[in-house]
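Novice: Provide a 3D model corresponding to the input given below.
(chains A and B)
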Amino acid sequence: MNIHTYEKAWLIASMALIVGFIATVTYGAVGPGIAMIDDDGGSIDPDTINDDERFSDPGVTHVGGNEYEATVVAQAWLYTPSEITVPANSTVTFYVTSRDVTHSFTVAGTNVNTMVVPGEVSQMTVKFDEPGEYGILCNEYCGAQHHTMEGKLNVVPEDEFDLTEVSAEAPNEAQFGNETTITATVSNGMQDEIETTATLEVGDQTREQDVTVPGNGNEDVEFTVDTTELGTGDHDWTVTGDGHEDSGTLSVTDDSEGGDDDA
Amino acid sequence: MSSGTRQDDPNHVHTIDHEEYDPIGTAILIGIYFVILVLLWLFMYFVEFLGNGPTVIGVVLTVVGLT
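Specialist: Down below sits the predicted model:
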């Protein structure tokens, strides 16, 4: 068969193009590790999501190193949690499931996108290199308020990220002349221990106490407050630790004065 | 003389060899289209798709669809 030179060139070039398409997609899979989302996440009973170990308290947890897990529950028409914060330079595995109908979990403007089917857990691992803010939205029509279903994904610089929480317990009232205790609890969601300083500010007094919180644990810090120094009246207090705070008000009353301060 | 007459006129019929047919202009045009196609593919995959991080990563086997 006599094939014209140009025709041969065209056949070769078009074959090279197809091979090139396949080669680049293969490179994407083997080199940067681009993956498709499959059924690896397993299944779940949508009626017992609240009892599920993973989904009963959805949010970001630290696995170790720079690996994190984020569980998200989608329902008409919101995501729980609605705002997800992860550090840059991390690998986050998302587990997303739906309570009611089919939704999607789409990080707008990126390749992070999965259907969220009730009864199934969508699992996908995402590498975040750069800090940034992304919108999360649902692109599967899920009802009248579908267009309002959105969330937020914050990728913050590594040194600004922590999973520390500070909460404090204190009595609302104390008798003048007595000592009372404000207990601050510093909890650490990271696997590595943190060292920080817990600070109590009450009235014009400031107390500081160093605290070391073990990985994935919490530590109580007790501050003893002498009400004699504070005097009677309402005193706002604030407990801070590692950039987080909790606050409240302590009322110091003096019954011996015959309740003059009673409001 | 109309064009129809010219075609039918045996004195004006010029038979060429298979390889003598040389539509070089068409070949260049298709070549340009081809280059545009390749550049668009490279841009779409390497700049728009791979460059638009974050992206979903995973195990190679599940990627290629072998499992």
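Novice: any idea of the pLDDT on A:G259?
Specialist: pLDDT recorded at A:G259 is 49.
Novice: What of B:Q7?
Specialist: 58.
Novice: again, but for A:N188
Specialist: Per the predicted model, pLDDT is 89 at A:N188.
Novice: residues contacting it?
Specialist: Contact partners of A:N188, counting by CB atoms under 8 Å, 6 or more residues apart in numbering or on different chains, are A:L163, A:T164, A:I194, A:V213, A:P214, A:G215, A:N216, A:G217, A:N218, A:E219. Heads up, the C-betas are built off the backbone N, CA and C, glycines and all.
Novice: Can you select the buried ones from these in PyMOL?
Specialist: Filtering the contacts of A:N188 down to the buried ones (16 or more other CB atoms under 10 Å in any protein chain shown) takes a single PyMOL command:
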select buried, chain A and resi 163+164+194+213+218+219
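Novice: which one of the contacts of A:N188 is nearest chain B?
Specialist: A:L163 (19.9 Å; CB to the nearest CB).
Novice: what separates the nearest residue to the closest one once chain neighbours are set aside from A:G59, distance-wise?
Specialist: Computed as CB to CB, 6 or more residues apart in numbering or on different chains, the closest residue to A:L163 that is not its neighbour in sequence is A:G189, at 2.8 Å. Here the criterion is CB to CB, to the nearest Å. By it, A:G189 lies 9 Å from A:G59.
Novice: what does A:T106 give?
Specialist: Taken as CB to CB, the span from A:T106 to A:G59 is 19 Å.
Novice: on that earlier part again, so A:G189 and A:G59 - more neighbours on which side?
Specialist: A:G189 (19 against 15; other CB atoms under 10 Å in any protein chain shown).
Novice: tell me the contacts of that one?
Specialist: Contacts of A:G189 by CB under 8 Å, 6+ apart are A:V60, A:T61, A:H62, A:D162, A:L163, A:T164, A:E165, A:N216.
Novice: can you give me the offset of the host helix or strand of A:E69 from its chain's centre?
Specialist: Here A:E69 is covered by strand A:67-75, with elements defined by DSSP states H and E. On the basis of CA atoms, centre = their mean, to the nearest Å, strand A:67-75 sits 8 Å off its chain's mean C-alpha point.
Novice: Which positions within it qualify as buried?
Specialist: In strand A:67-75, counting by 16+ other CB under 10 Å, buried: A:Y68, A:E69, A:A70, A:T71, A:V72, A:V73, A:A74, A:Q75.
Novice: And these, which is closest to A:E133?
Specialist: Distances from A:E133 to those, taken as CB to CB, are shortest for A:A70 (15.7 Å).
Novice: spatially speaking, which residue is in the middle of chain B?
Specialist: B:F34 (3.9 Å; CA atoms, centre = their mean).
Novice: Which residue, neighbours along the chain excluded, lies closest to that residue?
Specialist: A:A13 (6.1 Å).
Novice: Quick one: neighbours of the residue of the stretch 1-150 of chain A found nearest chain B, just the number.
Specialist: Proximity of the stretch 1-150 of chain A to chain B (CB to the nearest CB) peaks at A:A35, 2.9 Å away. Neighbour count of A:A35, defined by other CB under 10 Å: 23.
Novice: now B:L39
Specialist: 10.
Novice: Would you mind measuring from it to chain A?
Specialist: 12 Å (CB to the nearest CB, to the nearest Å).
Novice: Work out for me the element that residue sits within.
Specialist: helix B:24-42.
Novice: and the next helix or strand along the chain from that helix, anywhere near chain A?
Specialist: Moving toward the C-terminus from helix B:24-42, the next helix or strand (DSSP H and E) is strand B:55-57. Yes. With CB under 8 Å from any CB of the partner chain as the criterion, chain A is reached by strand B:55-57 at B:T55, B:V56, B:I57.
Novice: In the host helix or strand of A:N218, which of the residues would be classed as buried?
Specialist: Using DSSP H and E, A:N218 sits in strand A:217-226. By neighbour count on 16+ other CB under 10 Å, the buried set for strand A:217-226 is A:N218, A:E219, A:V221, A:F223, A:V225.
Novice: The last one contacts A:V202, correct?
Specialist: Yes. Look at A:V225 against A:V202 with CB atoms under 8 Å: they come within range, at 5.9 Å.
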